[in-house]
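*Asks:* 3D model of this:
(chains A, B, C and D)
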There are 2 protein chains.
Amino acid sequence: MGRPREFSDRAVVDAAMEVFWEKGYEATSTQDLCERTGLGRGSLYNAFGSKHRLYEEAIRRYAETKAEAQLAMLAEPGSVRARLRDLMLGVIDADMADPGRRGCLALNAATESSGRTEAVAGLVRRQFTDLEQALQRLVEIGQSTGELSSDRPPRQVARAFQSAYYGLRVLAKVTGDRDALLDVVDGAVAAL
Amino acid sequence: MGRPREFSDRAVVDAAMEVFWEKGYEATSTQDLCERTGLGRGSLYNAFGSKHRLYEEAIRRYAETKAEAQLAMLAEPGSVRARLRDLMLGVIDADMADPGRRGCLALNAATESSGRTEAVAGLVRRQFTDLEQALQRLVEIGQSTGELSSDRPPRQVARAFQSAYYGLRVLAKVTGDRDALLDVVDGAVAAL
DNA sequence: CTAGTTCTGTACTGATCTGTAAAGAAAGAG
DNA sequence: CTCTTTCTTTACAGATCAGTACAGAACTAG
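*Replies:* Okay, the predicted model is just below:
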């Protein structure tokens, strides 16, 4: 009942997510967070407790927005091959259009050892398994309709595609060569 | 001609490489580096100039040792499929045996945005292209002997395999499930 | 020996780090 | 109105950060 907050928690987490996404956990200072969220230190700590808790919220928000959007893309109409191809093409477009080359926040959090507490590891792991399962369901559909060969277990196919997907996101951080990334897409789709 | 150094530059860079590999660039302090190398601050700065220059040396050393060893493994006798499979199996064994789950230093450096100056980016890029080219040469051999299908350009096959390789290293950071990683290997080798 | 050079160890810089304390402002309850 | 609660702001705490200054040690040249 006390004094109402002057900010929206959602907007603050969104802003924090952007900062962590750009700079990573360790390189982001609480000062950065205050500036980008517009909050004073007191408000920020009163609302979120610590830099690390806000980091967890940011990863959660990423899962709810960006990662969910990716999974939703897989549910659109079209052949299974086309949907998987579009997933990767969308990533290439997004990664190359981003001047900050931020890549995937979940992947960044997975590789940055500092700030990888069990809480963060769990959040990241869930995003990975969610994608794996979504891919597996799609492969199962493709195999049941005869679009995809059924001589390999759907989970194995999904996992192989998933690794190509994350590899693609890593390569997109290193190279600006779109053709090289398209080769990855072609190879991954051909392997289905 | 002055006072001789009491340390081996090689040993110091090796020790620094281990620290950066474990913690990343940003989370490694100069204090960490002094403790692990055994050098005082004066000696360390006199010899290497800055934390970032030592980081570059560490990445260079990683390329000379670990990455070279990987490429050498590709040159061993055996079928092309077996060699590529062994490359991935070796990575699984190495990554799972490492309690620190450090993964690949080049990949870590590629995803950590801070400390990614042009110098570091160039060093990382070279390791990536070296692997791509080694893979491509191997695919060309496989295609010329008829072991691998020739209906795709060797470079595309190499790039697709490379992305699966890096994806595998990312997944190894997230999951401890060896079977999941073996699925990736099977999928990537089957796609050749 | 002395002079010159390079390395080592320590002390120190000023900046920045995460987090907290405390005082006052803005609301509702009675 | 007053009391209680929660938020905002500011100032501050103590630690740590990357890097430097400098004195003395260890060597070679002559």
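*Asks:* only C-alpha atoms for contact and neighbour calcs from this point on.
*Replies:* Will do.
*Asks:* now the helix or strand containing residue A:188: buried residues?
*Replies:* Using DSSP states H and E, residue A:188 sits within helix A:178-190. Going by neighbour count (16 or more other C-alpha atoms under 10 Å in any protein chain shown), the buried part of helix A:178-190 is A:180-189.
*Asks:* could you pull out the helices for chain A?
*Replies:* A:9-23, A:30-37, A:41-48, A:51-62, A:68-74, A:80-97, A:105-111, A:118-144, A:154-174, A:178-190 (DSSP state H).
*Asks:* DNA strand D contacts on chain A?
*Replies:* Residues of chain A lying close to DNA strand D (C-alpha under 7 Å from any atom of the strand) are A:1-7, A:39-44, A:46-47.
*Asks:* now with 10 Å?
*Replies:* By C-alpha under 10 Å from any atom of the strand, the residues of chain A that approach DNA strand D are A:1-9, A:31, A:34, A:38-47.
*Asks:* tally of neighbours for residue A:56?
*Replies:* Neighbours of residue A:56 under the rule other C-alpha atoms under 10 Å in any protein chain shown: 21.
*Asks:* correction: residue A:46
*Replies:* 10.
*Asks:* roughly how far does it sit from residue A:9?
*Replies:* From residue A:46 over to residue A:9 the distance is 12 Å, taken as C-alpha to C-alpha, to the nearest Å.
*Asks:* what of residue A:59?
*Replies:* For residue A:59, the distance to residue A:9 - C-alpha to C-alpha - is 15 Å.
*Asks:* higher neighbour count, the two?
*Replies:* When neighbours are counted by other C-alpha under 10 Å, residue A:59 and residue A:9 differ, and residue A:59 comes out ahead with 25 against 14.
*Asks:* distance of the more buried one relative to residue B:79?
*Replies:* 43 Å.
*Asks:* and residue A:24, by the same measure?
*Replies:* 42 Å.
*Asks:* so between these two, which is more surrounded?
*Replies:* Each of residue A:24 and residue B:79 has its neighbours counted (other C-alpha under 10 Å); residue A:24 has more, 25 against 14.
*Asks:* phi first, then psi, for that one.
*Replies:* Backbone geometry at residue A:24, expressed as degrees, to the nearest 10, gives phi 90, psi 170.
*Asks:* if I look at it, how far off is residue B:85?
*Replies:* According to C-alpha to C-alpha, residue A:24 and residue B:85 sit 33 Å apart.
*Asks:* again with residue A:115
*Replies:* For residue A:115, the distance to residue B:85 - C-alpha to C-alpha - is 33 Å.
*Asks:* next: residue A:14.
*Replies:* Distance from residue A:14 to residue B:85, by C-alpha to C-alpha: 42 Å.
*Asks:* before we move on, the earlier item: residues contacting the helix holding residue A:188, please?
*Replies:* Outside helix A:178-190, the residues that touch it by C-alpha atoms under 8 Å, 6 or more residues apart in numbering or on different chains are A:81, A:84-85, A:88-89, A:92, A:161, A:164, A:168, A:171-172, B:156-157, B:159-160, B:163, B:191.
*Asks:* max pairwise distance over the buried residues of helix A:178-190: which two?
*Replies:* Spatial extent of those (C-alpha to C-alpha) is set by the pair A:180 and A:189 at 14.5 Å.
*Asks:* now do the lowest-mean-pLDDT helix or strand in chain A: distance to the chain's middle.
*Replies:* Lowest by mean pLDDT, DSSP states H and E among the helices and strands of chain A is helix A:68-74, with a mean of 93. The chain centroid and the centroid of helix A:68-74 are separated by 11 Å under C-alpha atoms, centre = their mean, to the nearest Å.
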